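*Asks:* Please find the sequence and the predicted model below.
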Amino acid sequence: MNADKPARPPRRAVDGVLLLDKPAGMSSNAALQTARRLLNARKAGHTGTLDPLASGLLPLTFGEATKFSQMLLDADKVYEAGVRLGIETDSGDAEGMVLATKPVMVSETGLRQTLARFTGDIVQTPPMHSALKHGGKPLYEYARAGIEIARTPRQVRISELSLLAFEGERFNIRVACSKGTYIRTLAADIGAALGCGAHLDALRRTHAGAFDLTASITLETLEATPPEQRDALLAPVDTLAAIFPRLDLDDGDTHRILQGQPLRLPRQGGENPGDRVRLYGTGSFLGLGQWKEDGHLWPSRLISG
């Protein structure tokens with residue numbers, strides 16, 4: 001141990017959301033840990049990973065914002081993807097081992113007709129090269145050991161599948177989809193439907209829920225920002241809960257909700273059992289409340305302090 005090396009300052013409480021533009025070639029965890037180090041944050045998390053191959057929007061949560069990560073885990077996503085025809089890989093992307101090569105005889109008209117078949121509710125079988133767990137281990141660990149695990153097909157929704165460019169043996173698409181959609185699997189399934197096989201060779205996430213790349217920053221920008229100014233790059237904690245209506249409480253109701261007590265409030269219409277609201281007391285975000293069958297508003301997820 002180098003006695004002259006200065007001790008790292010203790011991790012500090014940092015609360016907020018960083019809309020990161022993750023570079024291709026870096027894992028989501030590596031990006032998270034780099035951002036956490038630059039912010040010297042005590043607690044950090046992400047809202048759904050991106051494969052190392054992929055770049056684009058990766059919202060990172062810090063401190064109290066980690067309590068609301070599920071909001072974006074469940075949200076729809078939008079991607080721009082590059083697909084290479086005529087080559088199948090074991091992972092469904094460019095990082096996998098080539099399994100087969102086939103001649104490509106695909107017209108733009110034929111491609112557009114095939115893409116139309118993958119719009120709407122479709123069934124996908126999750127790939128072996130994924131982080132889904134089996135027996136407590138991610139599937140990709142079995143795949144690396146050459147072990148195939150049976151996977152249950154599941155329904156996902158493709159709300160938009162647009163052809164952006166076609167170059168004979170390669171094309172670009174824009175995909176708006178529900179959570180749990182594997183773009184690698186979509187590329188491979190499109191290739192199978194065309195009869196020539198395909199794999200994903202580029203992927204960029206442009207939207208996650210209500211967020212898009214226009215408000216994102218890179219790790220280089222974060223690092224170049226003076227340390228004392230980096231917190232200003234974070235969106236506030238309640239950003240992830242913005243999909244829910246806002247409800248401002250008076251001091252008495254604020255005290256009761258923070259004590260875990262339900263509130264009996266006049267309904268303003270549209271509040272059904274299970275509906276959630278953003279709660280504020282004296283302008284400060286308190287967390288989420290949820291209407292219950294008994295007509296009361298109960299605390300659902302509150303922030304500390």
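*Replies:* On my side now, so go ahead.
*Asks:* Provide a list of residues in contact with T89.
*Replies:* Neighbouring residues of T89 by Cβ atoms under 8 Å, 6 or more residues apart in numbering: E95, G96, M97, V98, L99, H199. Every C-beta, even on glycine, is put in place using the N, C-alpha and C of the backbone.
*Asks:* and with 7 Å instead?
*Replies:* Neighbouring residues of T89 by Cβ atoms under 7 Å, 6 or more residues apart in numbering: G96, M97, V98, L99, H199.
*Asks:* Over to the residue lying closest to S27 once chain neighbours are set aside. Which of the three states is it?
*Replies:* Among residues not flanking S27 along the chain, P52 sits closest, at 5.0 Å (Cβ to Cβ, 6 or more residues apart in numbering). With DSSP: H, G, I helix; E, B strand; the rest coil as the basis, the three-state label of P52 is coil.
*Asks:* Buried residues in the host helix or strand of D253, which are they?
*Replies:* Per DSSP states H and E, D253 falls inside helix 251-258. Within helix 251-258, the residues scored as buried using 16 or more other Cβ atoms under 10 Å are D253, T254, I257, L258.
*Asks:* what angle sits between the very next helix or strand once past that helix and helix 251-258?
*Replies:* Note on helix 251-258: by DSSP H and E, the next helix or strand toward the C-terminus is strand 276-281. Between the axes of strand 276-281 and helix 251-258, defined by axes from the mean of the first three to the mean of the last three Cα atoms, to 10 degrees, the angle is 120 degrees.
*Asks:* Isn't I158 up against D121?
*Replies:* No - the criterion here is Cβ atoms under 7 Å, and I158 misses it with D121 at 8.1 Å.
*Asks:* So what's the residue count around Q229?
*Replies:* Using other Cβ atoms under 10 Å, Q229 has 8 neighbouring residues.
*Asks:* thinking again about what came up before, distance between the helix holding D253 and the chain's centre?
*Replies:* Put simply, helix 251-258 sits 33 Å off its chain's centre (Cα atoms, centre = their mean, to the nearest Å).
*Asks:* Check which helices and strands that helix is in contact with.
*Replies:* Helices and strands touching helix 251-258, by 3 or more Cβ pairs under 7 Å, 6 or more residues apart in numbering; DSSP states H and E, are strand 284-291.
*Asks:* Buried ones in the very next helix or strand once past the strand it packs on, by neighbour count?
*Replies:* Per DSSP H and E, strand 284-291 leads on to strand 297-302 as the next helix or strand towards the C-terminus. For strand 297-302, burial by neighbour count (16+ other Cβ under 10 Å) applies to L297, P299, S300, R301, L302.
*Asks:* now do stretch 35-49
*Replies:* A35, R36, L38, L39, A41, A44, H46, T47, G48.
*Asks:* Can you list which of those are found in strands?
*Replies:* Judged by DSSP state E, the subset of the buried residues of stretch 35-49 located in strands is A44, H46.
*Asks:* At which residues are the strands of the stretch 51-200 of the chain located?
*Replies:* 55-62, 77-85, 87-89, 98-101, 120-124, 133-134, 137-138, 154-166, 170-177, 198-208 (DSSP state E, counting those that start in this stretch).
*Asks:* Which among those is found nearest to R276?
*Replies:* Among those, the nearest to R276 by Cβ to Cβ is strand 55-62 (18.0 Å).
*Asks:* contacts for that closest one?
*Replies:* 14-24, 28, 31-32, 35, 39, 41, 43-47, 50, 69, 72, 204-208, 211-213, 216, 234.
*Asks:* Could you dump the buried residues of stretch 35-49 into CSV with distance to D275 added?
*Replies:* Converted to CSV, the buried residues of stretch 35-49 look like this (distance: Cβ to Cβ, whole Å):
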residue, distance to D275
A35, 33
R36, 34
L38, 38
L39, 34
A41, 32
A44, 30
H46, 27
T47, 22
G48, 24
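*Asks:* quick one: which two of the buried residues of stretch 35-49 are the most distant?
*Replies:* The widest separation within the buried residues of stretch 35-49 (Cβ to Cβ) is 21.2 Å, between L38 and G48.
*Asks:* what about D238, is that helix, strand or coil?
*Replies:* Per three-state DSSP, D238 ends up helix.
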